[in-house]
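J.: sequence first, predicted coordinates after that:
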Amino acid sequence: MTLSNDFLGRAIDFHGHLGPFLVIGLRAGLLGSHHLGKSQFELKATVETSARPPRSCFIDGIQFSSGCTTGKGNLKVRTGSSISVEFTGGGRSLRIGVKDQILEMLDSLSSEEQVEALSREMLEKTDDELFSVKTE
């Protein structure tokens with residue numbers, strides 16, 4: 001799933017900067033919306049991630065791309081060591097987990113140049129390369 005430059009630019013304005021955890025959150029939110037529909041009030045999301053940046057930036061990506069927000073109460077956040085999101089809507093659910101090898105790559109970042117480069121790389125990867133997906 002490709003993100004338009006306009007969509008990405010608006011997400012960066014919302015979040016404050018381009019980062020790889022924002023990008024994978026955007027990608028996961030779009031994937032969930034694609035499979036379950038983007039009803040701003042019927043779609044619900046439960047995110048598991050660290051409560052601190054940079055991993056928590058995943059949450060902003062989910063909010064921006066899925067329309068699930070903490071303010072509306074259709075996005076819940078649980079603290080955990082992995083990064084995943086479970087979307088529910090229309091009697092169906094979709095669990096999207098970030099693959100371990102992607103997390104290892106992201107956790108190894110050490111410079112601002114690497115952040116930018118890896119963000120762009122996350123934009124180019126396929127959903128299968130980034131995520132494990134389970135439907136119910």
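T.: Yes, it's here.
J.: make it CA atoms for all contacts and neighbour counts henceforth
T.: Fine.
J.: number of nearby residues for T2?
T.: Using other Cα atoms under 10 Å as the criterion, T2 is surrounded by 11 other residues.
J.: and the residue nearest the centre of the chain, what pLDDT?
T.: Closest to where the C-alpha atoms of the chain average out (Cα atoms, centre = their mean) is G25, at 1.3 Å. pLDDT for G25: 98.
J.: can you list the weak-confidence ranges in this protein?
T.: Where the chain drops to pLDDT under 70, the residues are 1.
J.: burial measure for T70, as a count.
T.: For T70, the count of nearby residues is 13 (other Cα under 10 Å).
J.: please report the distance of it from E113.
T.: T70 sits 31 Å away from E113, taking Cα to Cα, to the nearest Å as the criterion.
J.: where's the residue nearest to T135 when sequence neighbours are not counted, which helix or strand?
T.: Distance criterion Cα to Cα, 6 or more residues apart in numbering; nearest residue to T135, sequence neighbours excluded, is L94 at 4.5 Å. Using DSSP states H and E, L94 sits in strand 92-98.
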